[in-house]
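> Structure of the sequence below:
(chains A, B, C and D)
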Protein chains: 2
Amino acid sequence: MFKRSPSLTEQTKQYIKERIIRNEFAEGRIPSEHELAATLGVSRTTIRDALARLELEGAIVRKQGAGTFVNKLGLQIRSRLEEIWSYEEVLRAHGYTPSVRVLQLKTIPASPDTSALLHVKAGEPMLLIEKLFLEDENPVILTQNTLPKKLLRHKFDAEDCQRPIYDFIAHSCDQQLAYYLSDIVPLLAGAEIGKLLQIDAQTPLLSFAEVGYNPDNRPILQSASYFRDDLLRFRIMRRQTP
Amino acid sequence: MFKRSPSLTEQTKQYIKERIIRNEFAEGRIPSEHELAATLGVSRTTIRDALARLELEGAIVRKQGAGTFVNKLGLQIRSRLEEIWSYEEVLRAHGYTPSVRVLQLKTIPASPDTSALLHVKAGEPMLLIEKLFLEDENPVILTQNTLPKKLLRHKFDAEDCQRPIYDFIAHSCDQQLAYYLSDIVPLLAGAEIGKLLQIDAQTPLLSFAEVGYNPDNRPILQSASYFRDDLLRFRIMRRQTP
DNA sequence: AAGTGGTCTAGACCACACT
DNA sequence: GTGTGGTCTAGACCACTTA
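Okay, the predicted model is just below:
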């Protein structure tokens, strides 16, 4: 039934997910692992791996001795904080039709703060990319990405800057962005950010203060993101750890 | 080497974690899965399950073809948002010595908001438990938990209210709190909360607006939590999804 | 070429929930 | 008791990194 690539586990996961979304399981009950394995012609291990991923996503719940069940509430979660998304994807997941505007693209000297976080010399030339993500002319997200100019390996144009920052880094720096460490910070918009997001300076905002790392755990990117709480709210599922 | 219970996977995970914390792996390199399996006398599957959990926790990184490595930065993360913690644990993880004060314990009618979220009639009698978590006389976290009185099955005393809310529910309601759906909301402290947390009304705060569900996906608890950003900041690891 | 983690199989037994 | 998910085994082959 399935091909070799992508992995059987991934195909199994997608197959089950689609059936969940199409509401094909009566009373939210998913067939037993043995039954799925027999039906799809794969081993139970493969089924279990697929179900484990769906459980992580919050789409299903497994109950020992009872069965596996759809979690309709978990399916509603639009953006999981533990994953790196492009903000265009995030907006689309919320039902918006996003657009991107590059507000600034310039070279600045590394601030003491930045130099400490990214392990570069103070004053080192950095590339700053400031972007605004809009939904139908309404600004929703403001991001400021700062990376050392010395990482740049290839030329890039204005269009490259519009792409998600991990794409930009992959293509312009031959680097891979493996993960962020992100502080979740509430703050007042203030005059500057407020003006860009078209909200009052006294409005409370959610922001991410992040450092991005490559697979070797070297910091390569500093990032600050500001979200209009009235247009975009993060929702997470928090589980009991057994 | 290991006993039967808890699971071999769990014991293996703890064993490796302790060795990581004791810094026993040269250059952060963890022995290969085959080697670990041979050394510990368990199957490679068990080793892989244990490593998968450690990877989820952010403690290690696995690189196909290269090996498995300690992630010192991931180890620093003190509280992972995707898990339910008692706030006393959270504070201890941040190096604090927490104390709890029950500020309010009273019956109130369900607000329209609450009745919609918990699927109870408007005006239905609810139990409100308001608690303050302090570090050495400094208030850090304020929580307000609201649950339908009709769920209460057993008597409880003042001491019971001090315990984590999922303990309270387990003992007083014979219910299990399986997961929360939590909105992450930035807001201004305001006069009331500001007074309790001893901060200015104009201070921006992080808050969780949560609904807690039992294993059958029924809402049983509404919860609001407010955090002093200067004393407690949430940090998460965000990964690329391959 | 050798060694690593990633995928997958077929099977076994256990703990738990239903009824 | 029957069926479910949870744990565990022993083995195979693949994709990738490193030297």
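
> Show me where chain A has its strands.
Assignment of strands within chain A using DSSP state E yields the ranges A:29-30, A:60-63, A:67-70, A:98-109, A:125-135, A:138-148, A:179-188, A:204-213, A:219-227, A:234-239.

> Listing partners with orientation, what would you give for the fifth one?
To tie it back to what came earlier, the one meant is strand A:125-135. Each strand paired with strand A:125-135, and its direction, by DSSP bridges: strand A:98-109 (antiparallel), strand A:138-148 (antiparallel).

> go on, the third one?
Strand pairing for strand A:67-70, determined by DSSP bridges: strand A:29-30 (antiparallel), strand A:60-63 (antiparallel).

> Okay, now the unreliable bits of chain A?
For chain A, residues meeting the criterion pLDDT under 70 lie at A:1-5, A:242.

> ok, how many other residues are close to the closest residue to chain B within it?
When scored by CB to the nearest CB, chain A has residue A:186 as its residue closest to chain B, at 3.8 Å. Quick note: C-beta positions are derived from backbone N, CA and C, even for glycine. For residue A:186, the tally of surrounding residues (other CB atoms under 10 Å in any protein chain shown) stands at 23.

> For it, list the residues it contacts.
For residue A:186, the set of contacting residues under the criterion of CB atoms under 8 Å, 6 or more residues apart in numbering or on different chains consists of A:204-207, B:186-187, B:204-206, B:229.

> Among those, which one lies nearest to DNA strand D?
residue B:206 (32.6 Å; CB to the nearest atom of the strand).

> so what's that closest one bridging to?
Here residue B:206 sits in beta bridges with residue B:186, residue B:227, going by DSSP bridges.

> Can you get me a residue count around it?
Number of residues near residue B:206 (other CB under 10 Å) recorded here: 22.

> I figured it was touching residue B:224, is that so?
No: with contact defined as CB atoms under 8 Å, residue B:206 and residue B:224 do not form a contacting pair (11.8 Å).

> centroid residue for chain A?
Closest residue to the average C-alpha location of chain A: residue A:85 at 2.2 Å, with CA atoms, centre = their mean.

> can you tell me which residues contact that one?
With contact taken as CB under 8 Å, 6+ apart, residue A:85 is in contact with A:79, A:93.

> before we move on, what about residue A:74?
The neighbourhood of residue A:74, defined by CB under 8 Å, 6+ apart, consists of A:57-61, A:237.

> I'd like the distance between it and DNA strand C.
Spatial separation of residue A:74 from DNA strand C under the definition CB to the nearest atom of the strand, to the nearest Å is 19 Å.

> Give the burial count for the residue nearest to that residue when sequence neighbours are not counted, as a bare number.
Take residue A:74 and drop its neighbours on the chain: the residue closest to it by CB to CB, 6 or more residues apart in numbering or on different chains is residue A:58, 3.0 Å away. Residue A:58 has 20 neighbours, counted by other CB under 10 Å.

> I figured residue A:58 hits residue A:75, correct?
Yes: using CB under 8 Å, residue A:58 and residue A:75 qualify as a contacting pair, with a distance of 7.2 Å.

> domains for chain A, by residue range?
A:8-75, A:87-227 (automatic domain parsing).

> Please name whichever of those domains is nearest to residue B:127.
Nearest to residue B:127 among these is domain A:8-75; the distance by CB to CB comes to 23.3 Å.

> distance between the ends of the closest one?
22 Å (CA to CA, to the nearest Å).

> CSV for the strands paired with strand A:125-135, including mean neighbour count?
As requested, the strands paired with strand A:125-135 are exported to CSV (neighbours: other CB atoms under 10 Å in any protein chain shown):
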stretch, mean neighbour count
strand A:98-109, 13
strand A:138-148, 20
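
> So which bits of chain A are right by DNA strand D?
With the criterion set to CB under 7 Å from any atom of the strand, chain A comes near DNA strand D through A:5, A:30, A:32-35, A:44-45, A:48, A:51, A:62-68.

> quick revisit: which one, of the strands paired with strand A:125-135, ends up nearest to residue A:241?
strand A:138-148 (31.1 Å).

> before we move on, the earlier item: now render the domains of chain A as TSV, adding distance to residue B:173.
Formatted as TSV, the entries for the domains of chain A read as follows, by distance: least, CB to CB, whole Å:
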stretch	distance to residue B:173
domain A:8-75	19
domain A:87-227	31
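
> How much space separates the closest residue to residue A:234 other than its chain neighbours from residue B:12?
Leaving out its chain neighbours, the residue that sits closest to residue A:234 by CB to CB, 6+ apart is residue B:184, at 4.6 Å. Residue B:184 is 34 Å from residue B:12, where distance means CB to CB, to the nearest Å.

> which one of these two has more residues nearby?
When residue B:184 is set against residue B:12 and neighbours are counted by other CB under 10 Å, the residue ahead is residue B:12, at 24 against 21.

> any residue of stretch A:200-216 up close to DNA strand C?
No: residues of stretch A:200-216 are not located near DNA strand C by CB under 7 Å from any atom of the strand, the shortest gap being 11.8 Å.

> Could you list the buried residues of that stretch?
If you call a residue buried by 16 or more other CB atoms under 10 Å in any protein chain shown, then stretch A:200-216 has these buried ones: A:203-214.

> before we move on, what about stretch A:189-199?
By neighbour count, with 16+ other CB under 10 Å as the criterion, the buried positions of stretch A:189-199 are A:189, A:193-194, A:197, A:199.

> how about JSON lines for those, with distance to residue A:219 added?
Shown next, in JSON lines, are the buried residues of stretch A:189-199 (distance: CB to CB, whole Å):
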{"residue": "A:189", "distance to residue A:219": "27"}
{"residue": "A:193", "distance to residue A:219": "24"}
{"residue": "A:194", "distance to residue A:219": "29"}
{"residue": "A:197", "distance to residue A:219": "27"}
{"residue": "A:199", "distance to residue A:219": "31"}
